[in-house]
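Undergrad: Test case, fold it:
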Amino acid sequence: MLMNILFFLTPKSEVAFIYEDYTLRQTLEKMEYHKYSSIPILTREGKYVGTITEGDLLWTLKDNFQEKTLDFKALEDMPISTIKRRKDNTPVCVEANIEDLISKARNQNFVPVIDDHETFIGIIKRKEIIEYCYDKIHKTVKI
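TA: Purely as a prediction, here's the structure:
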């Protein structure tokens with residue numbers, strides 16, 4: 001199916017993200033403020049690095065503060081780049097087709113979108129894809 005995936009795009013200007021030089025504390029605060037369970041990581045030049053999740057942060061806290069008291073001050077000294085990520089959301093290129101987008105969205109709650117220079121331009125939320133497919137089914141089946 002030929003379709004411009006930009007129809008679904010939430011532009012970078014409307015997306016909460018973190019930079020790879022953020023600390024664990026900055027990341028926690030940003031995710032808490034936006035109530036997100038995962039968030040994209042970018043370089044200062046705007047390139048997509050990966051995705052950090054609540055689970056990644058939780059396991060880091062468990063592994064690093066097991067026998068100590070959790071000191072939030074210490075979180076300011078832990079760069080997010082040192083945290084092991086279980087799985088990054090795989091991006092699609094802006095020229096991707098809807099099939100590629102659906103394939104990625106099956107296992108990701110959002111799909112990062114990059115341009116020809118691998119610069120992050122935004123995300124496509126799984127919810128938007130599901131709503132589009134739902135509308136298409138209803139128009140076809142006329143339930």
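Undergrad: Tell me the spacing between Lys47 and Lys127.
TA: Distance of Lys47 to Lys127, given as Cβ to Cβ, to the nearest Å: 26 Å. No exception for glycine: its C-beta is placed from N, CA and C like everyone else's.
Undergrad: Checking Asp56 next. Helix, strand or coil?
TA: Secondary structure state of Asp56, per DSSP: H, G, I helix; E, B strand; the rest coil, is helix.
Undergrad: Pretty sure it sits against Ile80.
TA: No - shown here, Asp56 and Ile80 do not form a contact pair, counting by Cβ atoms under 8 Å, at 9.2 Å.
Undergrad: So which of those two has more stuff around it?
TA: More neighbours surround Ile80 than the other of Asp56 and Ile80, with 24 against 20 (other Cβ atoms under 10 Å).
Undergrad: Retrieve the pLDDT associated with that one.
TA: Predicted confidence (pLDDT) at Ile80: the value is 94.
Undergrad: So for Asp56 and Ile80, which residues contact both of them?
TA: Among the neighbours of Asp56, none is also in contact with Ile80 (Cβ atoms under 8 Å, 6 or more residues apart in numbering).
Undergrad: Now do the helix or strand bottoming out on mean pLDDT in the chain: which elements does it pack against?
TA: Using mean pLDDT, DSSP states H and E, helix 126-141 stands out as the lowest-scoring helix or strand of the chain, at a mean of 82. With contacts defined as 3 or more Cβ pairs under 8 Å, 6 or more residues apart in numbering; DSSP states H and E, helix 126-141 has these neighbours: helix 98-105.
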